[in-house]
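Engineer: Curious how this folds, go ahead:
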Amino acid sequence: MKPNRAPDLDIVIIGSALVELTPQQPGRPVQEVESFVPLPGGSATNFAVALAALGIDMSFISRVGQDELGQWLINQLARRGVNTQLIERVPEHLTPVSFCWVDQSGDKTFYFYRAPQFSDPMSTLTADALNCHEILRGKVLDLTEATIRTQPARDAALRAARIARQAGRTVCYAINYRPNSWHEPPQLIFDIQKQAIAIADVVIMNEQEARLIFGAQDIEQALRQACALGPAVAVATAGEAATLVAFDEQLVEIPSYRVDVQYDVGAGDAFHAGFIAAYLRGLSASQAARWGAAVAALRISRPASAPPPTTAEVEQFIRCAQAVDR
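Structural biologist: Next up, the predicted model:
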């Protein structure tokens, strides 16, 4: 590996990209919906788009199929300000598609159309394919859970995280657990999750994921167990309930912001983006969590196809919320 150079980007993201179809009329039974909207989708993709809106310089390492949808996806991400130079089009693979809708009670359903050796281009990502110089270009290396679900991408992502950590970069691991996308038994899955957490400086998950991985009913205990593996910061979100942040042997509760919800798919990815954007600007872990909560609140108060919030909008939103609290 070449000598460690100073980073010239804020963040390098490794994760999957897909095309997400969602009803244009949320809350209606799918069989009554008249039209669907295609969107860039996937946890890492949502995260990258939200970061771009917040003015964060990035590189996105991903793979799509060598088909029209793959090129459409790359074009859409580029228009949203995402650096797509390291998104490769993989021959003989189609770009994955997901189908997502929100029913009348607010419950979300996801279907993933991804087939091994056919429409799963991320399955071709190997450790040898990752360029160490590109990995170290960011101050932060960010991994989402999709990168470690299958081999050889799992070994590639974990190796990249180790290289970044050894070079003094901050590693963030964001869990977005999709049980149906894994093929190992639950205990092995949780052991793999712990391997990824142990390499990270920051881990972001929701309360359900924290309890599952650590086998703890008490969320505070789960966060302490997460920090004991190595991260300096562990975050557990809880939807409308308060977010818990563990750092420096402290446990801080961050209240959520109340908004009228229009579309809450990707709320966790928006929180993830707000947290990292604030962290990169030197805010404390608790302040970063407030930023994450604000970005998530603004995101879910908008239609699915609306642009994500900008830095100015987030700052204004937080100021207004603080004024009301006084």
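Engineer: ends of stretch 257-269, how far apart?
Structural biologist: One end of stretch 257-269 sits 16 Å from the other (C-alpha to C-alpha, to the nearest Å).
Engineer: Now it: buried residues?
Structural biologist: For stretch 257-269, the neighbour count (16 or more other C-beta atoms under 10 Å) marks 257, 259, 263, 264, 265, 266, 267, 268, 269 as buried. All C-beta atoms are positioned from the backbone trio N, CA, C, and that covers glycine.
Engineer: Could you pull out the strands in the protein for me?
Structural biologist: Under the criterion DSSP state E, strands of the chain are mapped to 9-14, 18-23, 36-41, 58-65, 87-90, 97-102, 108-113, 138-144, 170-174, 202-206, 233-237, 243-247, 250-254.
Engineer: Just the buried residues of stretch 257-269: which are in helices?
Structural biologist: With DSSP state H as the criterion, helices contain 267, 268, 269 from among the buried residues of stretch 257-269.
Engineer: from those, which is closest to residue 144?
Structural biologist: residue 269 (8.4 Å; C-beta to C-beta).
Engineer: Once you drop chain neighbours, what's closest to that closest one?
Structural biologist: residue 46 (3.6 Å; C-beta to C-beta, 6 or more residues apart in numbering).
Engineer: ok, that neighbour touching residue 271?
Structural biologist: No. Contact criterion C-beta atoms under 8 Å: residue 46 and residue 271 do not qualify, at 10.6 Å.
Engineer: send the alpha carbons of the helix or strand of the chain with the lowest mean pLDDT over as CSV?
Structural biologist: The weakest-scoring helix or strand in the chain, judged by mean pLDDT, DSSP states H and E, is strand 108-113 (a mean of 85). What follows is strand 108-113, C-alpha atoms only, in CSV (Å, rounded to 0.1, in the frame of the first residue of the first chain):
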residue,chain,number,x,y,z
LYS,A,108,-43.9,-0.1,5.3
THR,A,109,-43.5,-3.1,3.0
PHE,A,110,-40.3,-3.8,0.9
TYR,A,111,-39.8,-6.3,-1.9
PHE,A,112,-36.3,-6.7,-3.3
TYR,A,113,-35.8,-8.1,-6.8
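Engineer: Go through it and flag the buried ones.
Structural biologist: residue 112.
Engineer: What of stretch 309-320?
Structural biologist: 309, 311, 313, 314, 317, 318.
Engineer: ok, and what's touching it?
Structural biologist: 50, 53-55, 257, 274, 277, 290-291, 294-295, 297-299 (C-beta atoms under 8 Å, 6 or more residues apart in numbering).
Engineer: circling back: against which helices or strands is the least confident helix or strand of the chain packed?
Structural biologist: Contacts defined by 3 or more C-beta pairs under 8 Å, 6 or more residues apart in numbering; DSSP states H and E place strand 108-113 against strand 97-102.
Engineer: What mean pLDDT does stretch 52-71 get?
Structural biologist: Mean pLDDT, stretch 52-71: 97.
Engineer: about what we covered before: and for the residue nearest to residue 269, the neighbour number?
Structural biologist: With neighbours defined by other C-beta atoms under 10 Å, the count for residue 46 comes to 27.
Engineer: Can you read off the pLDDT for it?
Structural biologist: pLDDT at residue 46 comes out at 96.
Engineer: for residue 196, what are its contacts?
Structural biologist: 143, 145, 148, 157, 158, 161, 173.
Engineer: typo on my end, residue 243
Structural biologist: Counting by C-beta under 8 Å, 6+ apart, residue 243 makes contact with 235, 236, 237, 253, 254, 256, 271, 289, 292, 293.
Engineer: quick one: it from residue 47, how far?
Structural biologist: According to C-beta to C-beta, to the nearest Å, residue 243 and residue 47 sit 17 Å apart.
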